[in-house]
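Novice: okay, here's the prediction I keep looking at, along with the sequence it came from:
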Amino acid sequence: MGDTLITIVAIFLAAILMFVFPLMTISERNDDIAQMSAQTATVEFVDNVRQTGKITQTNYDSYVQTLAATGNSYDVEIEVKVLDENPGKKTAITSGDKIGENLYYSEYTSQILEKIDNSKTKTMKLKEGDIVAVNVKNTNTTIGQMLKNFFYSISGNDTYKISASHSGVVMANGSEK
């Protein structure tokens, strides 16, 4: 009876070692690849916006399709801080070309997408000095997250594994060219 119990436990442990741990390793690797793809796509999207000074419908759709190609669903948050120059206010320290301070106001994803949809060219034009920031995080639970939650009892609705962010200052006027 004792030998049978030890044999059953040994078979159970062997099954875990042969199937579960490799599955966890592969799923973690898939999450790492999705993380790298999301970060790369985000950096490329933001850098394209910074260099051209435009957020176009085609570029945004291409960015979202690249993210979806990882097999996960994502929450994309875009923020554009628009430079609102106030040339009428004088300051003690002035530059040769501008008088006054520069202020920013923010536009967020829904406002940006609405502007793109409502324009004829499907483009939101930015100007030099605007700031673009994009944050992305996955909304679905990956297999790696499920296995980790099962074995390590990590639970929580706000836990996400895959995220990416990038921001920068626009270097070109979108109205040019």
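Specialist: Looks like it came in fine. Residues are numbered from 1 along each chain as shown.

Novice: the longest helix in this protein is where?
Specialist: helix 21-52 (DSSP state H).

Novice: could you check which helix or strand contains Asp61?
Specialist: helix 57-68 (DSSP states H and E).

Novice: helices and strands around that helix, which ones?
Specialist: helix 21-52, strand 74-85, helix 109-118 (3 or more C-beta pairs under 8 Å, 6 or more residues apart in numbering; DSSP states H and E). Bear in mind the C-beta positions are built from the backbone N, C-alpha and C, glycine included.

Novice: distance between the following helix or strand past the shortest one and the chain's centre?
Specialist: Past helix 109-118, further along toward the C-terminus, the next helix or strand under DSSP H and E is strand 123-125. Distance of strand 123-125 from its chain centroid, counting by C-alpha atoms, centre = their mean, to the nearest Å, is 20 Å.

Novice: please shift the residue numbers so they start at 254 in all later answers.
Specialist: Yep, numbering from 254; the last one is strand 376-378 now.

Novice: now strand 376-378: mean pLDDT?
Specialist: Mean pLDDT, taken over the full extent of strand 376-378, equals 92.

Novice: gap between the residue positioned nearest the centre of the chain and Asp285?
Specialist: In the chain, the centroid-proximal residue (C-alpha atoms, centre = their mean) is Val389; its distance is 2.3 Å. Distance of Val389 to Asp285, computed by C-beta to C-beta, to the nearest Å: 16 Å.

Novice: other residues contacting stretch 276-296?
Specialist: 316, 319-320, 322-325, 327, 387, 389, 391, 395-398, 400-401, 404, 414-419 (C-beta atoms under 8 Å, 6 or more residues apart in numbering).
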